[in-house]
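[1] below: sequence and its predicted model.
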Amino acid sequence: MAQTVMTRYPSALTIPFKPWCYPQGYFLSGLDKLWRSTGDRKYYDYIMNWAESVVDADGAPVYFRGRSMDDMMAGAVVVWAYRQTGDERFRKAAERIRRSYDDYPRTSDGIFWHGRGTKGQIWVDGVFMGQMFLTKYGKYIGDADYCFDEAARQLKGMYRHLRKGDSGLLLHGWDEDKDARWADPQTGFAPEIWSEGLGWYALIMVETLEVFPKDHPEYKDLVDITRSLMAGLKATQDPTAGLWYQVVDKGDRPGNWHETSGSGMFVYALQRAIELGLIKEADYKDNVIKGYYGLLSKAKVSPADGLLDLYDANDGLGIQKDYQTYVTRPRKMNGQEVISSFLWATWIVENAYPDIPTLAERNPMPKRYACTDYSGGRVMVYENDSLVWEHPAPLSNDVWMLDSGNILFTTGKGVLEMTMANDTVFHYDSDSHIFACQRLENGNTFIGECESGRLLELTPELKVAKEICISPRERKERNHSSGMPADCLTATIS
């Protein structure tokens, strides 16, 4: 994934959506992890080239404005650059970012607004953006007492305001004034637990505890919050897909879907919590591994450039007004967050379990399989990657390997069932094109005719057991010519 991003964006300045913002900070922080584990200089150079471009000769951050928590996060990379080089201009740039916290607006109990213009609103994702810089500044540059006290205040405050019952999970946001368009007028709460928003919180909890002083009076509370959160993630993971839903705790609701970016964040956070000794590997490793393979299932090689494409993620998302709006937001390929979530998650799993089988090794191709060549007009059977059988089949795009070992397939305007010895078992011809067929449990064969608009169930003797008309033109013609009911959707012929 790292190579894909570096190829598509030769400079991190061009990573969407602007030269300085959290997408750069998120990706480059992940790239630092990869550099430290591999020692490959190209990762270091890519990070440093960005850092050199965003801080001028006098130590001023060129693009930094400090208008929202999102603007703070990339400052963590400036701290990184100072650690690597000792160059004073990076320290000066980091100090300027640190000072922007001094007049940043807060709720009445001291929690940072998401943006200077979002009055009274706290968003769960904002706490990652703000504390990712602050904790690194406190650890590696100075002002440690303020930085860690502030980070604890923000992390605990978010949990206090946003937790949903005893689930361990956090809602997307809260409005102290209760007048935002998405806020419940009685409580000020956002309506749902959004996957990526909760993912940001999960990440910052483990990233903070990695550098947080263990003798700090708030350390135990942060550990307890993290454990509660990890238990909530374990309870809401789809055990089959290994992923988490767009609305995390409502996987059984219509329209919900597996969201890739938040899932990557959760996989990283769970494994990091194991490594920090916060949760037991015996209790959570299976969740990590399932999540890892779930993420791999969302990655495909692009036919355009041979690089990785990632599917089914968000591309930045503000707080929405209701469940339906969350689950109907457009899904993005290669969104600005998912490229980094995937990098962080796959890096930590493959680093922790270097012998983990690949997805292909875990789910190997079957020894025998059938496929169609639509343009070439044939169906084929391969065994151990060698062609062992083929048959002419014009315009075929549906083929089945039956339990008997026979092959059932469409032939343009027909359906054939053949043995591997080329004996015909079932043969149906039509005046219509046929693009779908299937053997049913009762031994009959389903066939979908295109121009006629008919769905047929045929017996082995080619008798019509059931017929459903789905073409409006065909329904009208049949009604006029035969007196059949116009809908004919439940017509049954014996």
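    Perfect, I can see it now.

[2] contacts, neighbours, all on C-alpha from now
    Noted.

[3] can you list the low-confidence ranges for the chain?
    Applying pLDDT under 70 to the chain flags residues 472-494.

[4] per the record, what domains does it have?
    Taking automatic domain parsing as the criterion, the chain consists of the domains 2-359, 368-482.

[5] CSV for these, including mean neighbour count?
    Shown next, in CSV, are these (neighbours: other C-alpha atoms under 10 Å):
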stretch, mean neighbour count
domain 2-359, 19
domain 368-482, 17
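
[6] how far out from the middle of the chain is the one helix or strand L343 maps to?
    Assigned by DSSP states H and E, L343 belongs to helix 338-352. The chain centre lies 12 Å from the centre of helix 338-352; the measure is C-alpha atoms, centre = their mean, to the nearest Å.

[7] just list what the helix or strand that comes right after it packs against, helices and strands only.
    Heading C-terminal from helix 338-352, the first helix or strand you meet, by DSSP H and E, is helix 359-362. In terms of contacts (3 or more C-alpha pairs under 8 Å, 6 or more residues apart in numbering; DSSP states H and E), helix 359-362 is packed against no helix or strand at all.

[8] immediately after helix 359-362, which helix or strand?
    From helix 359-362, the next helix or strand downstream (DSSP H and E) is strand 368-373.

[9] output the helix or strand just after that next one as PDB, nothing but the C-alphas.
    Following strand 368-373 in sequence order, the next helix or strand is strand 378-383 (DSSP H and E). Output of strand 378-383 as PDB, limited to C-alpha atoms (Å, rounded to 0.1, in the frame of the first residue of the first chain):
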ATOM      1  CA  ARG A 378     -16.400 -21.000 -25.000                       C
ATOM      2  CA  VAL A 379     -16.600 -22.500 -21.500                       C
ATOM      3  CA  MET A 380     -13.600 -24.100 -19.900                       C
ATOM      4  CA  VAL A 381     -12.700 -26.300 -17.000                       C
ATOM      5  CA  TYR A 382      -9.300 -26.000 -15.300                       C
ATOM      6  CA  GLU A 383      -7.700 -28.500 -13.000                       C
END
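
[10] and the angle from strand 378-383 to strand 368-373?
    Angle of strand 378-383 versus strand 368-373, following axes from the mean of the first three to the mean of the last three C-alpha atoms, to 10 degrees, is 160 degrees.

[11] just to check, S375 is in contact with L395?
    Yes: counting by C-alpha atoms under 8 Å, S375 touches L395, with 6.7 Å between them.

[12] now the helices: where do they sit in the stretch 351-494 of the chain?
    359-362, 472-482 (DSSP state H, counting those that start in this stretch).

[13] chain center to the shortest one, what's the gap?
    Read that as helix 359-362. On C-alpha atoms, centre = their mean, the centre of helix 359-362 falls 20 Å from the chain's centre.

[14] now do that helix: everything it contacts.
    293, 296-297 (C-alpha atoms under 8 Å, 6 or more residues apart in numbering).

[15] what do you get for stretch 387-399?
    370-382, 407-412, 420, 435-437.

[16] what about it, how long is it end to end?
    16 Å (C-alpha to C-alpha, to the nearest Å).

[17] so V78 versus K136, what's the distance?
    V78 is 10 Å from K136, where distance means C-alpha to C-alpha.

[18] kindly apply the preceding question to P366 instead.
    When distance is defined by C-alpha to C-alpha, P366 is 49 Å away from K136.

[19] P394 too?
    Taking C-alpha to C-alpha, one finds P394 at 63 Å from K136.

[20] next: G120.
    Distance, G120 to K136, using C-alpha to C-alpha: 26 Å.

[21] same check, this time on Y63
    20 Å.

[22] A57 now?
    Taking C-alpha to C-alpha as the measure, A57 falls 23 Å from K136.

[23] go on, K119?
    Going from K119 to K136 by C-alpha to C-alpha gives 27 Å.
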